[in-house]
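Enquirer: Here is a sequence together with a model predicted from it:
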Amino acid sequence: MLPFESQRVLLVDDSAEFRRSLVKIFLKAGFQVRAVSDGDAALEVVRQEAYPLIVTDLKMTGKSGLDLLREIKVHSPDSQVIIVTAAGDVDSYHEAMQMGVSSYLYKPIKRETILEAAKHALEKTHAPGAGQGGST
């Protein structure tokens, strides 16, 4: 697995419990973590500083994960985005893939699964031609 000491991740989920769980997972793996509870707060953060990796819930109050993905691709096109959801559907999956989401994962999620998705996403940012978008 990549060394994560210098990797920054922005976590976006309106469930405080799930957010805390993700924070613990990513901190233990060596990430620098910032967590927010909704898409509007995430956009404010992304407008101020770049994050190579953003993990967002699909269904949240206010902006959805797809809305956030769409705006991240405008404000921070090199950021890789992982969507996690308990209530995804085929249409949202296809839309996310067309917009260049790195991974689309279903809750509950195992520690190994989210960290493997993070590794895969971050490898994209360091690969030749990175920043071109893409999907898994």
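Expert: Cool, the structure landed.

Enquirer: any weak-confidence spans in this structure?
Expert: 1-5, 126-136 (pLDDT under 70).

Enquirer: Pull out the buried positions in stretch 51-67.
Expert: 51-58, 60, 63-66 (16 or more other CB atoms under 10 Å). No exception for glycine: its C-beta is placed from N, CA and C like everyone else's.

Enquirer: Name the residue closest to the centre of the chain, please.
Expert: residue 55 (2.1 Å; CA atoms, centre = their mean).

Enquirer: that's a strand at residue 83, yeah?
Expert: Yes - counting by DSSP: H, G, I helix; E, B strand; the rest coil, residue 83 falls inside a strand.

Enquirer: how far away is it from residue 6?
Expert: Here residue 83 is placed at a distance of 24 Å from residue 6 (CB to CB, to the nearest Å).

Enquirer: Of the two, give the one with the bigger neighbour count.
Expert: Between residue 83 and residue 6, residue 83 has the larger neighbour count (other CB atoms under 10 Å), namely 28 against 10.
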